[in-house]
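Q: Need a 3D model of the sequence below.
(one chain, ligands or ions: 1)
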Amino acid sequence: MKETPKDKRIHKNLLPGQMSIEGFLGKDKRSFSEIISTDQAVLDRLDLTTKMIADRLQYFTDTAFESYDGSIIIDQKFEVNYSSFRGKLICPFGHPGMYRKGIVTLKNLVNDIEISWTPLNIHMIRGHCFFEGKGSVHRLKPSILKDVIF
Ligand SMILES: [Zn+2]
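A: Numbers count the residues shown, from 1 in each chain. Predicted coordinates for the structure are as follows:
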């Protein structure tokens, strides 16, 4: 598939030093549309939707954000911590709207697996089915999400 000028702009936004220091692609050499379609196929196999995942991440984010005091235990199974940073991020896909700069860390107390994400990750999953490239700091692998957040 040929890259449109818009695709080129998005690709540039995803590189390190454009909209975030680390960028969103990690070591992944694939195009963002290929990363997205591969993860979409994985979701289909896992019987998950982007909405199911984004709703779940949003629920943990909101609950931890409102607690204000370090880590909290949610539903007796998840230890969640919200660290906020000054500033806002915008969507690299060119949407209007700003996302809080913060990192949510969640540990599943049953299997001890820990993951972290940002409010922008939730938007990129919900709106674009984009879980970031392989090796990216905030890459959220759908199969791991399935094991950890449900
Ligand atoms: Zn967007």
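
Q: Is residue 132 located within a strand, as I assumed?
A: No. Residue 132: not assigned to a strand; according to DSSP: H, G, I helix; E, B strand; the rest coil it is coil.

Q: and it, what does it touch?
A: 24-26, 35, 121, 124, 138-140 (Cβ atoms under 8 Å, 6 or more residues apart in numbering). Every C-beta, even on glycine, is put in place using the N, C-alpha and C of the backbone.

Q: do the same with residue 8
A: So residue 8 contacts nothing (Cβ under 8 Å, 6+ apart).

Q: What's the separation between it and residue 110?
A: 44 Å (Cβ to Cβ, to the nearest Å).

Q: again with residue 137
A: 25 Å.

Q: where are the low-confidence patches of this structure?
A: 1 (pLDDT under 70).

Q: Up against the ion, what does it have?
A: Contacts of the chain with the ion, taken as Cβ under 5 Å from the ion, map to 91, 93, 95, 127.

Q: The residues you listed in helices, which ones?
A: Assigned to helices by DSSP state H, the following of the residues of the chain next to the ion qualify: residue 127.

Q: Report the buried members of the residues of the chain next to the ion.
A: The neighbour count (16 or more other Cβ atoms under 10 Å) marks 91, 93 as buried among these.

Q: Which ones among the residues of the chain next to the ion lie within strands?
A: Among the residues of the chain next to the ion, none falls in strands (DSSP state E).

Q: Residue 44: which of the residues of the chain next to the ion is nearest?
A: Among these, residue 127 lies closest to residue 44 (Cβ to Cβ), at 18.1 Å.

Q: Skipping adjacent residues, who's closest to the residue most central in space within the chain in space?
A: What sits nearest the mean C-alpha location of the chain, by Cα atoms, centre = their mean, is residue 121, with 2.7 Å. Among residues not flanking residue 121 along the chain, residue 138 sits closest, at 5.5 Å (Cβ to Cβ, 6 or more residues apart in numbering).

Q: Could you pull up the contacting residues of the one you found?
A: Neighbours of residue 138 in contact, by Cβ under 8 Å, 6+ apart: 24, 116-118, 121, 132.

Q: how about 10 Å then?
A: Each residue near residue 138 by Cβ atoms under 10 Å, 6 or more residues apart in numbering is listed here: 20, 22, 24, 26, 103, 115-118, 120-121, 124, 131-132.
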